[in-house]
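Q: Attaching a predicted model along with its sequence, questions to come.
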Amino acid sequence: MRPLQRRPMQHIDRKELYTNLETRIQYLHSFLDFSSNDIEALISGAKYVKALIPAVVNIVYKKLLQYDITARAFETRSTSYEGPVDPNLSENSPQILHRKMFLRKYLQALCSDPSRMEFWEYLDKVGMMHVGQGRAHPLHVEYVHIGVTLSFVQDILNEAILSHPRLRLERKIAFVKALGKVIWIQNDLFAKWYVRDGDEFRQELVSPEIEREGYLHGKKVLDTGSDSDVEEMPSGGCPFKGLAKDTSARVAPVTLPITPITPTTPLVVQPSLHIPAQSGLPKPVGSSAA
């Protein structure tokens, strides 16, 4: 009797998942089948997300200010604080306007180049900064609020994309799928800083470097000096009005220098990131890296 043959499996090093960000990103990309098709969908659809950014920011902060437990983070820098908060906190309060600016820049960064490791490093740093690390003035936001806010943002974007009157159905599907993968990878990069899985490896990690907000490895990745590249929505206007634009322009496919990940491509962990990239694509805001 011949022995049963085992189904081929990719080996994933558990320790590397918790100590090496590139390994974790590779695994997430492979599991989610994040491929060159997703890269193209994200790049070609970026202009529609950019048109939505001002409306999304206003909707998100209106939601966050509906609850005392999320509003208190803007006064106390911690959602676990139980003391009194400013009863006059509003969408036009200085600290809220400041946070709105960074949310706008963050959403713009999501519209940059996901083929570059710096894209995912920045998403990981966003997660780190919400657990009180990497900042001169620590910020502590509990994970329950992070997860539900990401879902809220995804819901807004999905509705806008799916209701677009000019996008073809196949483009809508591709865009929603690709954007969903990015948001869920961002969710994981938040969760990795909150959950206790892999705690036995934490002593091997280098302590996070304290940097100014909007910087990564000493380089400015968010241009916080001007919002001129984002069109503000008129008061009372339709938040999705910016989507009703000509969609005829398409991004021409170009050679990808990084090996595409497909359902049939084995996951091979290497020193550098290997996901689909496109030369000549938009770079993260403020980045001078090649």
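A: That came in fine, so what should we check first?

Q: list the buried ones in the helix or strand hosting Glu159?
A: Glu159 belongs to helix 143-162 when assigned by DSSP states H and E. For helix 143-162, the neighbour count (16 or more other Cβ atoms under 10 Å) marks 143, 145-146, 149, 153-154, 156-158, 160-161 as buried. Every residue, glycine included, has its C-beta placed from N, CA and C.

Q: list the contacts for the residue nearest to the spatial centre of the chain?
A: Centroid-nearest residue in the chain, with Cα atoms, centre = their mean: Gln186, separated by 4.7 Å. Gln186 makes contacts with 123, 126-127, 150, as judged by Cβ atoms under 8 Å, 6 or more residues apart in numbering.

Q: Check what pLDDT Val131 gets.
A: At Val131, the pLDDT value in this model is 90.

Q: my bad, Val269
A: Looking at Val269, its pLDDT stands at 35.

Q: Same check on Ile25?
A: At Ile25, the model reports a pLDDT of 97.

Q: Now for it, how many residues are close by?
A: 23 (other Cβ atoms under 10 Å).

Q: isn't it right next to Trp120, touching?
A: Yes: under the criterion of Cβ atoms under 8 Å, Ile25 makes contact with Trp120 at 4.9 Å.

Q: Tell me the buried residues in the helix ranked longest in the chain?
A: Across the chain, the longest stretch assigned as helix under DSSP state H is helix 36-64. Neighbour-count burial for helix 36-64, counted by 16+ other Cβ under 10 Å, picks out 36, 38-46, 48-58, 60-61, 64.

Q: Repeat that for stretch 4-23.
A: Buried residues in stretch 4-23, counted by 16+ other Cβ under 10 Å: 16-19, 21-23.

Q: Return the subset of the residues you listed lying in helices.
A: 16-19, 21-23.

Q: what's the most distant pair in those?
A: Pairwise distances across those peak at 12.6 Å for Tyr18 and Glu22 (criterion: Cβ to Cβ).

Q: Give the residue spans of the stretch 51-200 of the chain that score low on pLDDT.
A: Residue ranges of the stretch 51-200 of the chain with pLDDT under 70: 85.

Q: what about the helices in it?
A: With DSSP state H, counting those that start in this stretch as the criterion, the stretch 51-200 of the chain has helices at 68-76, 94-110, 117-129, 143-162, 169-194.

Q: Need the winner for burial among those.
A: Comparing the helices of the stretch 51-200 of the chain on average neighbours per residue, with mean count of other Cβ atoms under 10 Å, the densest one is helix 117-129 at a mean of 20.

Q: list the helices and strands that helix packs on?
A: Here helix 117-129 touches helix 21-31, helix 94-110, helix 169-194, strand 215-216, going by 3 or more Cβ pairs under 8 Å, 6 or more residues apart in numbering; DSSP states H and E.

Q: Export those as JSON lines, with columns for distance to His137.
A: Shown next, in JSON lines, are the helices and strands packed on helix 117-129 (distance: least, Cβ to Cβ, whole Å):
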{"stretch": "helix 21-31", "distance to His137": "25"}
{"stretch": "helix 94-110", "distance to His137": "12"}
{"stretch": "helix 169-194", "distance to His137": "17"}
{"stretch": "strand 215-216", "distance to His137": "14"}
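
Q: what residues are up against the residue nearest to Val131 when sequence neighbours are not counted?
A: The shortest distance from Val131 to any non-neighbouring residue, by Cβ to Cβ, 6 or more residues apart in numbering, is to Trp193 (4.6 Å). By Cβ under 8 Å, 6+ apart, Trp193 lies in contact with 127-128, 130-131, 133.

Q: and which of these is nearest Gly180?
A: For the contacts of Trp193, the nearest to Gly180 is Gly127 (17.9 Å; Cβ to Cβ).

Q: Just give the closest residue to that closest one, not the sequence neighbours.
A: The spatial neighbour of Gly127 that comes closest, neighbours along the chain excluded (Cβ to Cβ, 6+ apart), is Phe190 at 4.1 Å.

Q: and the one you found, what does it touch?
A: Contacts of Phe190 were listed using Cβ under 8 Å, 6+ apart, and they are 126-127, 130, 143, 146-147, 150.

Q: at 7 Å what do you get?
A: 127, 130, 143, 146 (Cβ atoms under 7 Å, 6 or more residues apart in numbering).

Q: now it: how far from Pro87?
A: 30 Å (Cβ to Cβ, to the nearest Å).

Q: same thing with Leu179?
A: Leu179 is 37 Å from Pro87, by Cβ to Cβ.

Q: Kindly report the same for Pro138.
A: 25 Å.
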